[in-house]
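Engineer: The amino acid sequence is not available; the structure is as follows:
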C-alpha cells in the first residue's frame, strides 16, 4: 500500500528569495493609514509569504467589509464630534487588520522557521499610509457628504 | 586505512559532536590516501559545513559522498537539512524521501522531513510525521523539540512551552532545546526564564547572530524601565489599543467623563513612553554588551 505521508507535496510554490514584512509592523500601517492601506500591505505581504490564493482573496474580502463598515460608521455618526468619528473609523481598520494578520500568521510562522530575514516596511508603509490613507479619507468624506 | 588516518577521522567526528565544526574541517584537511574517500570524511565535512552555515558547499560535498557510496542514510539526512537551510525545499524533500524509501520509519529522517514541511507551511503533515517518528523512537529531546516547533507553527504557545520543557528534561544542555524553551517562555509571558534560556543557548553558539539578537531583546524586555511595556510585548499592540479605547469610551458612556479624561491622558503618556524608552534602553544595553 502506498504511504500517503511519504508522497512529495512540496512544489516550487514558496519563493524563498522574497522578504516579507513583520506582522507587527503592519499594525502601524492599519492604525495610521486605515483599511485600504492595511489591506494593500497585507495582500502584498501574503504573496511574499506564499499564502494560498483562496486565503489571499479572504484578505481582500475582509478589507472590503472593513471599508463598507467604515462608510456605515461615518454615516451613522454624522452628529458625533470629529474625534469620535476618527476613533470609530480607526477601530474598524484595526479590527480588519487583526483579522488579516490572523490569515497571514501560519505562513509567517513557516517563514520564521526558515530563519530568513524580514524586509523593511518603512518605505512601502509610509507610502501606503500617506497615499492610500488620503484616498480613504477622500472616499469616506464623499460618503459622509451624500 | 592507516592508523593515524583513522585516529584523525575519529577526532574530526569528536570535534563535530562537541560543537567545534571548524576544528572538524581542520582535522579533515590533513587526511590522505583512501581515508579521503571514507564515507565518514564526506559525512563529517558535510555536517561541519552545514553547522557553519556554509550550506551550498555542504550540499556539494554530500552529493559527492552519495555518488561514491550510494544512498547512505546519514548522508541523506544532512543533505536534506542543508538543502532546507539553503531554501531549496523541493530538493530537500526529495533527499528525505529518498532516505525514507529505504527506511520509512527512521526517526531522524521523519523529523527532518517534518521540518521541511513546516518551512513550507504544511503544519498538519509535519505534525503527522513527528508523531510517526515518536512512535518509532523512545521519547527523546529531538521528538519533543520537533513537537515544540510544530506547536509554534500552529500558534499553540502553551503546548510549545510544554514540549520545550520536555526536551530540556531529556537533555538540559542541548542548545537547540534551550533556544526553543527561551522562545516559548517569551511567547507565554515568562520573560525572565526566557532570557536565561536564550542567553545560555547564545553562549553555547557564539556564532549564531539570531540567537544573540533574541537574547539581547529578551534582556531588553526584562529591564526594569521597560516593565510597564510588557502588555505590548505579550499581546499585539492593536489589541492593547482596542482595550484602552474600550475603557476610555466605556467610562465616558457611564457618565464618568473626568475619569475617562484622566485615563486618556495616562494612555497618551504610556504611548509616548513606549516610543521613547525602548530605543534609549537598547542603546544603553548595546553599549554594555558591545554591538
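Structural biologist: Here it is on my side, so go on. In this text, all values refer to a predicted model and were calculated from it rather than measured experimentally.

Engineer: Only C-alpha atoms from now on, for both contacts and neighbour counts.
Structural biologist: OK.

Engineer: Quick one: residues contacting residue B:175.
Structural biologist: By CA atoms under 8 Å, 6 or more residues apart in numbering or on different chains, residue B:175 lies in contact with B:200-202, B:204-205.

Engineer: typed the wrong thing, it's residue A:35
Structural biologist: By CA under 8 Å, 6+ apart, residue A:35 lies in contact with A:63, A:66-67, A:92-94, A:96-97, A:136.

Engineer: for residue A:98, same thing?
Structural biologist: A:27, B:238.

Engineer: got a pLDDT number for it?
Structural biologist: pLDDT, residue A:98: 94.

Engineer: Sticking with it, tell me its helix or strand.
Structural biologist: Element membership for residue A:98 (DSSP states H and E) is helix A:82-114.

Engineer: how much distance is there from that helix to the middle of the chain?
Structural biologist: Computed by CA atoms, centre = their mean, to the nearest Å, the chain-centroid distance of helix A:82-114 equals 6 Å.

Engineer: what's the spacing between the helix or strand following it and its chain's center?
Structural biologist: For helix A:82-114, the succeeding helix or strand toward the C-terminus, using DSSP H and E, is helix A:122-127. Distance of helix A:122-127 from the chain centroid (CA atoms, centre = their mean) equals 14 Å.

Engineer: before we move on, what about stretch B:226-246?
Structural biologist: Offset of stretch B:226-246 from its chain centre (CA atoms, centre = their mean): 27 Å.

Engineer: Give me the residues contacting that stretch.
Structural biologist: Residues contacting stretch B:226-246 (CA under 8 Å, 6+ apart): A:24, A:27, A:31, A:91, A:94, A:98, B:187-189, B:220-221, B:267, B:274, B:277-278.

Engineer: End to end on stretch B:223-239, go ahead and measure it.
Structural biologist: Using CA to CA, to the nearest Å, the end-to-end distance of stretch B:223-239 comes out at 23 Å.

Engineer: Next: stretch A:45-60.
Structural biologist: End residues of stretch A:45-60 are separated by 12 Å (CA to CA).

Engineer: How about stretch B:163-177?
Structural biologist: 9 Å.

Engineer: Please name the residues that touch residue B:188.
Structural biologist: Listed by CA under 8 Å, 6+ apart, the contact set of residue B:188 reads B:157-158, B:161, B:234.

Engineer: before we move on, what about residue B:216?
Structural biologist: Shown in contact with residue B:216 (CA under 8 Å, 6+ apart): residue B:199.

Engineer: how about the residues of chain A that lie near chain B?
Structural biologist: For chain A, the residues in contact with chain B (CA under 8 Å from any CA of the partner chain) are A:5-8, A:10-12, A:14, A:16, A:24, A:27, A:31, A:91, A:94, A:98, A:106-107, A:109-111, A:113-114.

Engineer: sorry, back to before: most neighbours of all the contacts of stretch B:226-246, which one?
Structural biologist: residue A:94 (26 neighbours; other CA atoms under 10 Å in any protein chain shown).
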